Each structure stands twice: as C-alpha cells, then as structure tokens.
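Q: One predicted model, sequence on top.
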Amino acid sequence: MVGGKGTGKTSLLRLLLETADISPSATVDQKAAVDRFLKGSAKSTPTIQTACVEICESRFDRVLFSVIDTPGLDFSEGRELKLERQVNNVIKYVDVQYADTMNEVRTHFILFPRQRVTHMFSLGIQSRSTKQRRSAHPFVSSAFSCRLRTS
C-alpha cells in the first residue's frame with residue numbers, strides 16, 4: 001500500500017488482516033508475522049513492513065494473502081527529490097518481490113504440474129493532485145497481491 005503521509009494505509013491493512021479468515025494450515029511463522037504487523041508502531045511507518053498469511057477463501061481454496069505497507073510519501077513543496085527516492089524504493093521492492101514470485105511459480109509447476117496457481121496483482125496509479133493532473137507525475141497508490149491454489 002502506497003500513499004501520502006497520514007492517509008490510513010496502515011489502518012486499512014491492519015483491518016484487512018484482523019478480519020481475514022486465517023487458514024488452520026497457516027504456519028507459525030505466518031501467524032507471528034501477522035501478530036508483529038498488527039502490534040506495530042501506532043506512529044508513522046518508518047520502513048516497508050510486510051505480512052503474509054494463508055487465508056481461507058472458500059471451503060476448498062486457500063489464498064496466500066500478502067500485505068505490504070510503506071512509509072508515507074511526502075508531497076510537500078520542495079521535497080520532490082525525497083519523494084522520488086521514496087517512490088523508487090517502493091518500485092525496487094515490488095520488482096524484487098515479483099521476481100521472487102515468478103521463480104516460485106516456475107518451481108511449483110515443475111513439482112506440481114497438475115495443480116493450478118492463479119496470481120493476482122493490482123497496482124493503482126494516482127497523480128499527486130487531481131487539480132494538477134496534466135503536469136503531475138503518476139505515482140503508485142496501492143498494491144495488492146495474492147496467490148490462489150486449487151487442487
């Protein structure tokens with residue numbers, strides 16, 4: 001999740017995790033990551049924070065649900081260089097995660113050729129201000145990723 005400072009990114013992600021139907025087969029590490037994310041700082045997010053846990057989508061489908069929280073972007077006048085660095089850090093992180101996921105998919109298809117895996121990734125683009133749409137550079141506003149496994 002990417003957006004401006006104080007826009008409720010962390011609150012929304014915590015709500016999603018708090019209301020998720022966590023799978024009985026979720027690992028101890030996954031549950032610990034969720035607990036750490038939920039008990040994180042009430043103040044601003046200093047670094048990229050993540051949690052990944054298996055949830056129940058239906059009786060037979062399991063989804064590996066990942067949330068990624070980022071520090072708030074600084075859209076203040078005169079802070080364009082800082083903003084550019086912040087956005088570049090997020091893009092680099094997403095690129096690494098995407099590459100890791102694609103490697104995992106290749107391995108999965110070799111080991112389990114008959115099992116279907118569906119990846120969902122959503123990326124929103126939003127300019128700095130609706131009033132400045134013509135001259136503003138687009139920025140990532142949100143990212144959501146999950147993997148659905150069916151037998």
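A: Sure thing, it's come through.

Q: Output the longest helix belonging to the chain.
A: helix 80-111 (DSSP state H).

Q: Next, give phi and psi for residue 32.
A: Dihedral angles of residue 32 (phi, psi; degrees, to the nearest 10) stand at phi -70, psi -40.

Q: Count the neighbours of it for me.
A: 12 (other Cβ atoms under 10 Å). Placement of C-beta: from N, CA and C, glycine included.

Q: Likewise for residue 17?
A: For residue 17, using other Cβ under 10 Å, the count is 19.

Q: so what's it up against?
A: 34, 37, 38, 51, 53, 67 (Cβ atoms under 8 Å, 6 or more residues apart in numbering).

Q: Surely the third one and residue 15 touch.
A: No. Contact criterion Cβ atoms under 8 Å: residue 38 and residue 15 do not qualify, at 10.1 Å.

Q: Could you say which helix or strand holds the residue nearest the centre of the chain?
A: The centre of the chain sits closest to residue 68, judged by Cα atoms, centre = their mean, with a distance of 3.1 Å. Using DSSP states H and E, residue 68 sits within strand 62-69.

Q: just how off-centre is that strand within its chain?
A: Between the centre of strand 62-69 and the centre of its chain there are 7 Å (Cα atoms, centre = their mean, to the nearest Å).

Q: Neighbouring strands of that strand in the sheet, and parallel or not?
A: strand 49-56 (antiparallel), strand 138-150 (antiparallel) (DSSP bridges).

Q: And those strands, which one averages the lowest pLDDT?
A: For the strands paired with strand 62-69, mean pLDDT drops lowest on strand 138-150, to a mean of 46.

Q: follow-up on the earlier one: what helices or strands is the longest helix of the chain leaning on?
A: strand 62-69, strand 116-127, strand 138-150 (3 or more Cβ pairs under 8 Å, 6 or more residues apart in numbering; DSSP states H and E).
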